[in-house]
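Asker: sequence and predicted structure are below.
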Amino acid sequence: MSFVVIYDANVLYGNTLRDLLIRLAMTGRLQAKWTSRILDEMQRNLAVNRPDIPEEKLGKLRLLMNSAVRDCLVEGYEPLIEGLKLPDPDDRHVLAAAIKVGAQVIVTSNLRDFPSEHLAPWEIEAKSPDDFVLDQIDLDGRVVWACVQQIADSRVNPPEAVDDVLDTLEKAGLVESVAALRAG
């Protein structure tokens, strides 16, 4: 059985963190999942906070994400939503999707919205992006380092070095992960 994770909208919002999480999924070491509703939330927040990004570019981002990670879209989870309890009822769709696909982890920046007592019955754990990436480094730091290098190599306008990517990830909250990569 593969390791299945749900990426919440808030971890898919920032460009560099999203890029890293998708590249980790593309390695085949884990199966990343999300729903159209999660992508709607990400896209809606980007449209509000980044009006400089044209709507068609946001649509293209969504298509690229869905084509980059095989079998990423979760469907048919909606009937589970009503029976779930979370501090914020608007987050129940994320838990429902995780239950539907048998995910072990929900990667989210809003840990307080996914308390362990509500996730435990389904053997699901909520992890911050920093803890999740740190786990990936513990499994094989070379794979994570290669993903960071790929991001740096893909940034040509303007060009970025690995240190620039690490700085951006650190600003996005991956403090311990970046420290581990720099020490590694």
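Answerer: It's in.
Asker: my read: residue 11 touches residue 127, true?
Answerer: No: using C-beta atoms under 8 Å, residue 11 makes no contact with residue 127, being 9.9 Å away. C-beta here means a position set from N, CA and C on the backbone, and glycine is covered the same way.
Asker: between those two, which one's more packed in?
Answerer: Shown here are residue 11 and residue 127; by other C-beta atoms under 10 Å, residue 11 has more neighbours (27 against 19).
Asker: following the helix or strand that one falls within, which helix or strand comes up?
Answerer: Taking DSSP states H and E as the definition, residue 11 sits inside helix 9-12. Proceeding N to C from helix 9-12, the next assigned helix or strand is helix 15-26, under DSSP H and E.
Asker: now for that following helix, which elements pack on it?
Answerer: On a contact count with 3 or more C-beta pairs under 8 Å, 6 or more residues apart in numbering; DSSP states H and E, helix 15-26 meets helix 9-12, strand 31-33, helix 55-68, helix 129-154, helix 162-171.
Asker: what mean pLDDT does the third one get?
Answerer: For helix 55-68, mean pLDDT is 94.
Asker: contacts for it?
Answerer: With contact meaning C-beta atoms under 8 Å, 6 or more residues apart in numbering, helix 55-68 is reached by 12, 18, 22, 25-26, 34, 39, 43, 46-47, 72-73.
Asker: quick revisit: joint contacts of residue 11 and residue 127?
Answerer: In contact with both residue 11 and residue 127: 107-108, using C-beta under 8 Å, 6+ apart.
Asker: how does the chain divide into domains?
Answerer: For the chain, automatic domain parsing gives the domain ranges 4-128, 132-183.
Asker: please state the offset of stretch 38-57 from the chain centre?
Answerer: 16 Å (C-alpha atoms, centre = their mean, to the nearest Å).
Asker: now do the end-to-end distance for it.
Answerer: Taking C-alpha to C-alpha, to the nearest Å, stretch 38-57 runs 17 Å from one end to the other.
Asker: change the start of the numbering to 55 and stick with it
Answerer: Yep, numbering from 55; the last one is stretch 92-111 now.
Asker: would you mark the buried spots in it?
Answerer: The neighbour-count check on stretch 92-111 (16 or more other C-beta atoms under 10 Å) flags 92-93, 95-97, 100 as buried.
Asker: and which of those residues is nearest to residue 148?
Answerer: Nearest to residue 148 among the buried residues of stretch 92-111, counting by C-beta to C-beta, is residue 92 at 6.7 Å.
Asker: grab the nearest non-local neighbour of that closest one.
Answerer: residue 63 (4.8 Å; C-beta to C-beta, 6 or more residues apart in numbering).
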